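Novice: Have a look at this prediction, sequence included:
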Amino acid sequence: MADRPIAANDTDAEWDAVASRRAAEALIVDVDGFEGPLDLLLTLSRTQKVDLRRISVLQLTEQYLVFIEQARTLRIELAADYLVMAAWLAFLKSRLLLPPDPSDEGPSGEEMAAYLAFQLERLAAMRDCAAKLMARDRLLQDRFPRGASQEMTTAKRITYTAGLLDLMQAYARIRTRDDFRPYVMDRDAVLTMEEALDRMRGLIGFAGDWTDLMSYLPDGWQLDPKRRRSATAANFAAALELAKAGKVQIRQTETFSPIELKRRDDR
Amino acid sequence: MTDAPDQPQPRGDTLFRAPPLAEQERMVEAMLFASAEPLTLAEMEARMPHGSDPAEAVQLLRRRYEGRGVQVTRVGDAWAIRTAADLGFLMARETVETRKLSRAAIETLAIIAYHQPVTRAEIEEIRGVSVSRGTVDQLIELEWVRFGRRRMTPGRPVTYVATQTFLDHFGLESARDLPGLKELREAGLLESRPPDGSEAEGLQRDDTGDMFEDDPEAALPGDDDFDDDFDDD
Amino acid sequence: MTDAPDQPQPRGDTLFRAPPLAEQERMVEAMLFASAEPLTLAEMEARMPHGSDPAEAVQLLRRRYEGRGVQVTRVGDAWAIRTAADLGFLMARETVETRKLSRAAIETLAIIAYHQPVTRAEIEEIRGVSVSRGTVDQLIELEWVRFGRRRMTPGRPVTYVATQTFLDHFGLESARDLPGLKELREAGLLESRPPDGSEAEGLQRDDTGDMFEDDPEAALPGDDDFDDDFDDD
């Protein structure tokens, strides 16, 4: 900024300098208020007081880099986005200042600058649209729908309704149930392997001959399909554990036939 | 958000001059339309600019609506706009009571939408609980779900698929447009509402209901699946 | 919409002859008055006697209510009666306090409305920051935004579009009536690239879309896709 030609009137220039420094400080103090580097650039660009189409990207780049530098000296922590933008702008600046290298591929400095100006203009336009939208005559603020509910109740039909949000949340709930509540899933219908193992350790001693795995299901777990299923799985896993430990033998005569176990006595 | 002025703005000379009667009639019309309850003249006057005479405005409005599809009618001390009695037949189908779909139904619907074509056993596998016949029947009756092709696996189970009516209701152009989990998360639809205690309780009760409603055979998640799981081990 | 001669009317049977237009206007008036939600022409026609033409009746009714305290307004494909905006101050008591939208939410809404259908990545590109959780979800919950078609580009991202409820809320007849839309389009600000040298880019994007749409593999409601999404978690 110091390189800028100084106005004829020195006091005015000084005044401007003070004002702009104050503005810069205000910006820095307000850094939390910015929604990202593009927002900051847009704010800085306002100081040029020109149409965004005519903005000096080089000047803007310098303003941004100065801002980042000041924030650093004030030890204000900036999000990574801001630093990435600073690096990109430094690169852009070098492209704009150096004579173009004909062998260089990719967009020229001018193209990059034009794109940045376009982005700023587009963001400003969207801001403007958002403001116009919010300033419209809105339902339940300026315009109102029918207040009375339907007074006639001749034929009553019940329809069921659900929104997309309900649907998606339901699905998300199912698919992420384990995330939400890893161990609270319907415990009353779940027999753990440890429980089955404890039970089976005690029972296996009494069973002399081959016995159907299903006969080890605890009382009250045979009828209810959910409980039966859980208990069967737990018992099967427990039986495998016992076999691994050399306590029992397991056999199954053919596919889908009952699985049987027997205590291993040969040791 | 711009705040609408919630008070009539005192504008210099008009402050103590009532608006023209035609304007008062418009005001009464808007108030009677938007109000959930019949309005008394005093209630109307309280809202209108100083010096207004709602009694006269209501009479004007009443005459204006004579013979129209709606009428300005007196309800006790108050006034309301009601549809003309002879057009009641148009409103008969209007009286539709909407109810929220049960949790079991919405979950089942979600699974069908995302996994179609899907069999009942697969739905149960995903939900972790059995699905009562009433739940699927309800979805079919709503025309959100229909039968698809039979699955060419033992038992040739029927599959369920989501319908065009489903897409229309949920504002989707195709089932492909259903967002995935990653996108749900990005849109903030996942973590925002973890199920609280009461909901979890509801789930449990619901499950128990399903369990007993179903015949135990159907509730068994196919022997095939079951054995397959273990064969893999 | 429907011209009387086009209708297959059983001649001679007055039971099936459409009522006079004035009568149809009364019917439309009653229906629109009774409903808080916008009604489509199809919904009105379904309730009216055979051969009725709600489209013409609505136009008549709209003209009749010009300048009145309530207005017949178009909302996308549907019609509704709403109080005149200048009388909002009378209804202050009816106001339901709406949640205050964040600046990010308002900007995101504007971007979705003006650029629809738009992907999340495009919203982020325009705003220059990532869209935080809770922003889109808030807009979806307000029913101002819904999921549109997936973009047929690599990754097949979901898109967002604005809804009829959005139009109704902001008093827009259609998305084409968004303020300043034409100017933005002419200035090239609805494109993804600056106007000059943008042609190649724009063309490329369109081509990609077509290409993928023709690919039957990509068009499948692929198990792969959904599974992929969920495997990410």
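Specialist: Perfect, I can see it now.
Novice: ok, which stretches of chain A are strands?
Specialist: Per DSSP state E, chain A carries strands over the ranges A:157-161, A:211-212, A:248-252, A:259-263.
Novice: want to try a markdown table for the ones you listed, with mean neighbour count and distance to chain C as columns?
Specialist: C-beta here means a position set from N, CA and C on the backbone, and glycine is covered the same way. Output for these, formatted as a markdown table (neighbours: other Cβ atoms under 10 Å in any protein chain shown; distance: least, Cβ to the nearest Cβ, whole Å):
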| stretch | mean neighbour count | distance to chain C |
| --- | --- | --- |
| strand A:157-161 | 12 | 12 |
| strand A:211-212 | 15 | 38 |
| strand A:248-252 | 15 | 33 |
| strand A:259-263 | 19 | 32 |
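Novice: Please point out the stretch among these with the lowest average pLDDT.
Specialist: Of all the strands of chain A, the minimum mean pLDDT falls on strand A:157-161 (a mean of 60).
Novice: just checking, A:Phe34 touches A:Thr43?
Specialist: Yes: the pair A:Phe34 and A:Thr43 passes the contact test of Cβ atoms under 8 Å, sitting 7.0 Å apart.
Novice: Just the pLDDT at the residue positioned nearest the centre of chain A, thanks.
Specialist: Residue closest to the mean C-alpha point of chain A, counted by Cα atoms, centre = their mean, is A:Ala172 at 14.0 Å. At A:Ala172, the model reports a pLDDT of 78.
Novice: which stretches of chain B have low pLDDT?
Specialist: Applying pLDDT under 70 to chain B flags the ranges B:1-16, B:92-98, B:189-233.
Novice: ok, for residue 162, nearest residue in space, not its chain neighbours?
Specialist: I went with chain A, as the question did not name one. B:Leu101 (4.2 Å; Cβ to Cβ, 6 or more residues apart in numbering or on different chains).
Novice: Sorry, I should have been clearer: chain B.
Specialist: Spatial nearest neighbour of B:Ala162, excluding adjacent residues (Cβ to Cβ, 6+ apart): B:Ala113 at 4.7 Å.
Novice: now B:Thr119
Specialist: Among residues not flanking B:Thr119 along the chain, B:Pro157 sits closest, at 4.3 Å (Cβ to Cβ, 6+ apart).
Novice: Tell me how many other residues surround B:Pro19.
Specialist: 18 (other Cβ atoms under 10 Å in any protein chain shown).
Novice: try B:Met152
Specialist: Residues within reach of B:Met152, counting by other Cβ under 10 Å, total 7.
Novice: And it, how close does it get to B:Val118?
Specialist: For B:Met152, the distance to B:Val118 (Cβ to Cβ, to the nearest Å) stands at 14 Å.
Novice: Same check on A:Leu197?
Specialist: Distance from A:Leu197 to B:Val118, counting by Cβ to Cβ: 35 Å.
Novice: does A:Lys93 really touch A:Gln63, like I thought?
Specialist: No: using Cβ under 8 Å, A:Lys93 is not in contact with A:Gln63, being 11.4 Å away.
Novice: Neighbour count for the two, which is higher?
Specialist: Taking neighbours as other Cβ under 10 Å, A:Lys93 and A:Gln63 compare with A:Gln63 leading, 23 against 18.
Novice: Looking at A:Leu197 and B:Val118 now, which is surrounded by more residues?
Specialist: B:Val118 (23 against 18).
Novice: The more buried one contacts B:Pro157, correct?
Specialist: No: the pair B:Val118 / B:Pro157 is not scored as a contact, 9.8 Å apart, by Cβ under 8 Å.
Novice: Grab the longest helix from chain A for me.
Specialist: Longest helix in chain A, counting residues (DSSP state H): helix A:109-134.
Novice: what's the offset of that one from the middle of its chain?
Specialist: Its chain's C-alpha centre and that of helix A:109-134 lie 26 Å apart, by Cα atoms, centre = their mean, to the nearest Å.
Novice: what helices or strands is that helix leaning on?
Specialist: Other elements packing on helix A:109-134 under the criterion 3 or more Cβ pairs under 8 Å, 6 or more residues apart in numbering or on different chains; DSSP states H and E are helix A:37-46, helix A:57-73, helix A:80-97, helix C:103-115, helix C:120-127.
Novice: For the shortest one, buried residues please.
Specialist: For helix C:120-127, the buried set under the neighbour-count rule, 16 or more other Cβ atoms under 10 Å in any protein chain shown, comprises C:120, C:122-123, C:126-127.
Novice: do the second one as well
Specialist: Judged by neighbour count (16+ other Cβ under 10 Å), helix A:57-73 contains these buried residues: A:57, A:59-65, A:67-68, A:71.
Novice: what's the answer for stretch B:101-108, then?
Specialist: Taking 16+ other Cβ under 10 Å as the criterion, stretch B:101-108 shows B:101-108 as buried.
Novice: next one: stretch B:78-90
Specialist: By neighbour count with 16+ other Cβ under 10 Å, stretch B:78-90 contains the buried residues B:78-84, B:87, B:90.
Novice: Between A:Phe34 and A:Thr43, which is the more surrounded one?
Specialist: Higher neighbour count among A:Phe34 and A:Thr43: A:Phe34, with 19 against 16, using other Cβ under 10 Å.
Novice: how about B:Val131, secondary structure?
Specialist: Classification of B:Val131 using DSSP: H, G, I helix; E, B strand; the rest coil returns coil.
Novice: what's the distance between it and chain A?
Specialist: Separation of B:Val131 from chain A (Cβ to the nearest Cβ, to the nearest Å): 12 Å.
Novice: That residue contacts B:Glu125, correct?
Specialist: No: using Cβ under 8 Å, B:Val131 is not in contact with B:Glu125; the gap is 10.3 Å.
Novice: How about B:Phe33: what's its closest non-neighbour residue?
Specialist: C:Val70 (5.0 Å).
Novice: A:Asp219: neighbour count?
Specialist: Taking other Cβ under 10 Å as the definition, A:Asp219 ends up with a neighbour count of 5.
Novice: what helix or strand does B:Leu167 sit in?
Specialist: Assigned by DSSP states H and E, B:Leu167 belongs to helix B:164-169.
Novice: Restrict that helix to CA atoms and write it as PDB.
Specialist: This file holds the C-alpha atoms of helix B:164-169, laid out as PDB (Å, rounded to 0.1, in the frame of the first residue of the first chain):
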ATOM      1  CA  GLN B 164     -44.100 -44.100  -8.600                       C
ATOM      2  CA  THR B 165     -46.600 -42.800  -6.100                       C
ATOM      3  CA  PHE B 166     -43.900 -43.200  -3.500                       C
ATOM      4  CA  LEU B 167     -41.500 -41.100  -5.500                       C
ATOM      5  CA  ASP B 168     -44.200 -38.500  -6.100                       C
ATOM      6  CA  HIS B 169     -45.100 -38.300  -2.400                       C
END
